[in-house]
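Participant: only geometry, no sequence info:
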């Protein structure tokens, strides 16, 4: 089927060469019946993602009560999620609307790099947010000193720099892989697992490199986040009043929910051997962490946070009295 499609679309030259210049992205489904309904669904999800995250950024920027480290990092996460979802969802919508699309191989690699970089940035950003909650709950008297504006800006900058540096070498290696199969990506974006399965080189080295590169960010981020929450939970349990415990836990419950969702889906997808690659399972999982999580983040923070909900209600008043 792959060879027939390549020939039909004029990619006969792919079949006899290992170095490719273009790839075919098939999309999330080949069912013409499902394409229009799915396009509408994912368009709504994408627009809501942009609107919800922009709303969080606006609220955090306009409301003086939210000008503190916790909401600074929530705003940074919303800013990140806008780029994170925009790296994938436009291509998903394009394939649903127009069918399989032909993209340049450098463009495919660029999408892979940007997406992996943003995912790494989110890992580190969630760790910075965990550290912020640790300082707020475990060292409240030193919070204003330890988490001043300069520290917050420095942490956010480091998150972005580390996120974009970490996948660089890995992406360069992937871009040089020879392909012995038609470059037909049966997915809705240039996913790492699909590209590895198209390659004809020994995948052991690439998989080891994937684990090493992933572990360089994910493992320290996970350990630091876990350590922060061990101290946080320990401190919360020492609070005598139930109201105090509930208030302390509510300040980090939203973040913990986001951490579990993001870590769970991304690690299941990418920290496993390519021999375990199952397309039927991977597409729904990919939808979860590329489309659903970016819209869940602002919803989780806004629905579970009283200050954010209060600030959202004050937005109309702000513009009426402006």
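Facilitator: Nice, thanks for sending it over. In this text, all values refer to a predicted model and were calculated from it rather than measured experimentally.
Participant: need the contact list for residue 251.
Facilitator: Residues near residue 251 by CB atoms under 8 Å, 6 or more residues apart in numbering: 70, 133, 136-137. Any C-beta I mention is one placed from the backbone N, CA and C, and that applies to glycine too.
Participant: how about a cut-off of 10 Å?
Facilitator: 70, 132-133, 136-137, 232, 236, 304-305, 307 (CB atoms under 10 Å, 6 or more residues apart in numbering).
Participant: what do you get for residue 86?
Facilitator: Residue 86 touches 46, 49-50, 114, 118, 294, counting by CB under 10 Å, 6+ apart.
Participant: what do you get if the cut-off is 6 Å, keeping everything else the same?
Facilitator: By CB atoms under 6 Å, 6 or more residues apart in numbering, no residues touch residue 86.
Participant: I'd like the distance between the most centrally placed residue in the chain and residue 125.
Facilitator: For the chain, the residue nearest the mean C-alpha position is residue 119 (4.3 Å; CA atoms, centre = their mean). As judged by CB to CB, to the nearest Å, residue 119 and residue 125 stand 11 Å apart.
Participant: before we move on, what about residue 147?
Facilitator: Taken as CB to CB, the span from residue 147 to residue 125 is 15 Å.
Participant: Equivalent analysis for residue 62, please.
Facilitator: Distance from residue 62 to residue 125, by CB to CB: 22 Å.
Participant: do the same with residue 59
Facilitator: Relative to residue 125, and taking CB to CB, residue 59 is found at 18 Å.
Participant: Check residue 183 too.
Facilitator: Distance from residue 183 to residue 125, by CB to CB: 33 Å.
Participant: swap in residue 256?
Facilitator: For residue 256, the distance to residue 125 - CB to CB - is 15 Å.
Participant: Pull out the buried residues from the contacts of residue 251.
Facilitator: 70, 132-133, 136-137, 232, 236, 305, 307 (16 or more other CB atoms under 10 Å).
Participant: quick one on the thing from earlier: distance to residue 160 for the contacts of residue 251 - can I get that in CSV?
Facilitator: Below are those laid out as CSV (distance: CB to CB, whole Å):
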residue, distance to residue 160
70, 19
132, 16
133, 20
136, 23
137, 26
232, 25
236, 31
304, 26
305, 24
307, 26
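Participant: Neighbours of residue 293, how many?
Facilitator: 22 (other CB atoms under 10 Å).
Participant: That one: which element?
Facilitator: Residue 293 belongs to helix 293-304 when assigned by DSSP states H and E.
Participant: now swap in residue 60 and tell me
Facilitator: Counting by DSSP H and E, residue 60 is found in helix 32-62.
Participant: Mind checking which of residue 62 and residue 125 has more residues around it?
Facilitator: residue 125 (26 against 14).
Participant: which ones are touching the residue lying closest to that one once chain neighbours are set aside?
Facilitator: What sits nearest to residue 125 in space, not counting adjacent residues and going by CB to CB, 6 or more residues apart in numbering, is residue 159, at 4.6 Å. By CB under 6 Å, 6+ apart, the contact list for residue 159 reads 121, 124-125, 128.
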